[in-house]
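Student: Fold the stuff below for me.
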Amino acid sequence: MLEWIQTHQQMIYIVILMIFVGIEVIGRVPSVLHTPLMSGANAIHGVVIIGAIIVMGQAEDGNYLAIILGFLAVVLGTLNVVGGFVVTDRMLEMFKKKK
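Tutor: Numbering: from 1, shown residues only. Predicted coordinates for the structure are as follows:
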């Protein structure tokens, strides 16, 4: 485990820095904008779906863990993308003029 940490030390530092930067950026967004920003950001999870499909396609025969995790990632990523678009649609409906 320590060997792995030493090998990937720079990536670990980058991930930790990204976490702090993300918290700082999100903390400065007004609360009125949180829902539209998050619904749009959920659509980016299409990358997760593509990555999961690639992992499942590259999995060796008998590697059921990779297939199950890939399938789970596809399902959850799809739910996140669809949910993001549903929230965005509902937000846009709020701004339409009523008849």
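Student: Worst mean pLDDT across the helices and strands of this protein, which element?
Tutor: Within the chain, judged by mean pLDDT, DSSP states H and E, the helix or strand with the poorest mean is helix 34-42; its value is a mean of 68.
Student: Need the mean per-residue confidence for the next helix or strand along the chain from that helix.
Tutor: The C-terminal neighbour of helix 34-42 among helices and strands, as given by DSSP states H and E, is helix 46-58. The average pLDDT for helix 46-58 rounds to 86.
Student: just the angle between whichever helix or strand comes after helix 46-58 and helix 46-58, please?
Tutor: Counting by DSSP H and E, the element after helix 46-58 in chain order, helix or strand, is helix 64-94. When axes from the mean of the first three to the mean of the last three C-alpha atoms, to 10 degrees is applied, the directions of helix 64-94 and helix 46-58 differ by 160 degrees.
Student: So what's the gap between stretch 65-83 and the chain middle?
Tutor: Here the centre of mass of C-alpha atoms in stretch 65-83, compared against the chain's by C-alpha atoms, centre = their mean, to the nearest Å, lies 11 Å away.
Student: cool, stretch 45-63 as well?
Tutor: 15 Å.
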